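Novice: Pasting the sequence and the predicted coordinates here, then a few questions.
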Amino acid sequence: MSDICSFPCGLHPPCLNIQVVWRVAAGLPWAREVPCWAGEAHECLPFLVPPAFSRVMALPAPGLGEVTVPAHSKLKSSSSFSRGTCWDGGGWPEQGRDFCSDTFQVARGSRDDSSPQESCYPLRNMISKSRLKLLAMLTLVLLVMVWYSISREDRYIELFYFPSPEKKEPCLQGEAERKAFKLFGNYSRDQPIFLQLKDYFWVKTPSAYELPYGTKGSEDLLLRVLAITSYSIPESIQSLKCRRCVVVGNGHRLRNSSLGEAINKYDVVIRLNNAPVAGYEGDVGSKTTMRLFYPESAHFNPKEENSPDTLLVLVAFKAMDFHWIETILSDKKRVRKGFWKQPPLIWDVNPKQVRILNPFFMEIAADKLLNLPMQQPRKIKQKPTTGLLAITLALHFCDLVHIAGFGYPDAHNRKQTIHYYEQITLKSMAGSGHNVSQEALAIKRMLEIGAVKNLTFF
């Protein structure tokens, strides 16, 4: 058995789009909207009322009126109400307002009575449509929540927007040097970017610091390495009156950036460590002018991930780094100890592509950008990252410097990957000796004074 409620309407304005809600022990919580226009009589769609019906009340539709059956009334079988109060939604009903004089009747029916059942079909259709609307609203809310969650993953970045320069930015000779003066002060640009053999045969002023800020104590090893490597810069770059450079970081924000074509247009493209190019050309480009690396980060194929004329620039952090490159290039017995991570034992590279970075740039980055002391206890040694070192080098060598893919996730975000090519998180940086927060401030300062420009967001 079921109770069928029929509600013939002839309501006066503003009793429009009425929503009736009943509280029941079980059953559907919502009834459908009933449109009633002034001067018109409509047959209301029937409502399926559970036997446990005990109270009828009204909810206002925004900006419209509402109708209510007094809350103290009890609805039972064969009961009827001759009046319901109408008002404009502006507070509690007042006496003297218009009244809806139609009768709210309940009639008992049986499951075998086809007439009441047929009258329920419109209601079922309306309920089905209402469920679809509710599902659509919930889906929209879910999408908004997902977007918000993603947008909070990295406080340094605005996701889904990567400004790609379609036209070449004007290159002004000496522009980077003038702006870098605010960072480094008055320092000489006469320093060579690569170490040369001739400088170590007749050294009048030995280096004041040990690696990575100088070569003190490693001169003999260095001489043997410089004897089999080179120091020259390709003439095609050296002869440029104004050098446009981009330093491509390894950050996760490069993924899906579509910056590859823009990156390839720069005169000099500097890459870091083992960051791959193959398979990521659309985001990071394919051109590589220089690649900075150290033994533990040399796990890449020198021929597949670089061009034949790419300069492979060794960043030496310790004397064993010179020893490693010597054994690789001279095919001597490999060394396995003295590294925090096992470097490759076989590295198919042309010695003429290898360069040794001048430790001067490590000193400048540590001293001027991070305010690190040159003399540190061995167990607490802090040092700049390869990325910050590469930017320092670019400001010395180039006239226009852009960066892409720099910045780390929020320290509290333990799930966000830090590289565009592998699934490792910020946790992997623990114990590395790098202060990423301090480096972020240094790069932010460069951006503020216009010394560099970011192709992604930082």
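Specialist: Yes, it's here.
Novice: count of neighbours near L172?
Specialist: The burial metric for L172, expressed as a neighbour count using other Cβ atoms under 10 Å, is 11. Where C-beta positions appear, they are placed from N, C-alpha and C, glycine not excepted.
Novice: where does the stretch 51-200 of the chain have low pLDDT?
Specialist: Across the stretch 51-200 of the chain, residues meeting the criterion (pLDDT under 70) sit at 51-124, 148-167.
Novice: which residue ranges form the helices in this structure?
Specialist: When secondary structure is read from DSSP state H, the chain shows helices at 114-118, 121-151, 175-184, 219-226, 235-238, 260-263, 281-284, 319-330, 360-364, 386-397, 436-449.
Novice: export the ones you listed to TSV and tack on distance to Q416 and mean neighbour count?
Specialist: As requested, these are exported to TSV (distance: least, Cβ to Cβ, whole Å; neighbours: other Cβ atoms under 10 Å):
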stretch	distance to Q416	mean neighbour count
helix 114-118	57	12
helix 121-151	10	11
helix 175-184	29	17
helix 219-226	39	17
helix 235-238	36	11
helix 260-263	23	19
helix 281-284	17	20
helix 319-330	31	20
helix 360-364	28	23
helix 386-397	17	25
helix 436-449	13	15
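Novice: closest to P295 out of the ones you listed?
Specialist: helix 319-330 (4.4 Å; Cβ to Cβ).
Novice: Need the mean per-residue confidence for that closest one.
Specialist: Taken as a whole, helix 319-330 has an average pLDDT of 96.
Novice: So which other helices or strands are in contact with that helix?
Specialist: Other helices and strands packing on helix 319-330, by 3 or more Cβ pairs under 8 Å, 6 or more residues apart in numbering; DSSP states H and E, are helix 219-226.
Novice: Identify all contacting residues around the helix it packs on.
Specialist: Applying Cβ atoms under 8 Å, 6 or more residues apart in numbering, the contact partners of helix 219-226 are 195-197, 200, 203, 206, 215, 319, 322-323, 325-326, 329, 356.
Novice: wait, isn't S307 in contact with T288?
Specialist: Yes - look at S307 against T288 with Cβ atoms under 8 Å: they come within range, at 5.9 Å.
Novice: Which residue of the two possesses the greater neighbour count?
Specialist: Neighbours were counted for S307 and for T288 using other Cβ under 10 Å; T288 has more, 23 against 15.
Novice: Quick one: residues contacting Q191.
Specialist: Residues counted as contacts of Q191 (Cβ under 8 Å, 6+ apart) are 358, 360-361, 396.
Novice: JSON lines for these, including pLDDT and distance to E177?
Specialist: Putting the contacts of Q191 into JSON lines (pLDDT from 0 to 100; distance: Cβ to Cβ, whole Å) gives the following:
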{"residue": "N358", "pLDDT": "96", "distance to E177": "17"}
{"residue": "F360", "pLDDT": "94", "distance to E177": "15"}
{"residue": "F361", "pLDDT": "96", "distance to E177": "14"}
{"residue": "H396", "pLDDT": "95", "distance to E177": "8"}
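Novice: Pick the one among the residues you listed closest to D267.
Specialist: The closest of the contacts of Q191 to D267 turns out to be H396 (Cβ to Cβ; 15.2 Å).
Novice: from what I can see that closest one touches P192, true?
Specialist: No - contact status for H396 versus P192: not in contact, 10.1 Å apart, counting by Cβ under 8 Å.
Novice: and stretch 273-293, C-alpha only, in CSV?
Specialist: Extracted in CSV, the C-alpha atoms of stretch 273-293 (Å, rounded to 0.1, in the frame of the first residue of the first chain):
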residue,chain,number,x,y,z
ASN,A,273,73.8,16.4,-15.0
ASN,A,274,72.0,13.4,-16.3
ALA,A,275,68.8,15.1,-17.5
PRO,A,276,67.6,13.3,-20.6
VAL,A,277,66.7,14.9,-23.9
ALA,A,278,65.6,11.9,-25.9
GLY,A,279,61.8,11.4,-25.5
TYR,A,280,61.3,14.9,-24.0
GLU,A,281,62.2,17.1,-27.0
GLY,A,282,58.8,18.8,-27.0
ASP,A,283,59.3,20.1,-23.5
VAL,A,284,63.1,20.6,-23.1
GLY,A,285,64.3,20.9,-26.7
SER,A,286,67.1,18.9,-28.4
LYS,A,287,70.0,21.3,-28.6
THR,A,288,72.8,21.1,-26.0
THR,A,289,75.7,23.4,-26.1
MET,A,290,77.1,22.6,-22.6
ARG,A,291,76.3,20.0,-20.1
LEU,A,292,77.6,20.4,-16.5
PHE,A,293,78.1,17.2,-14.6
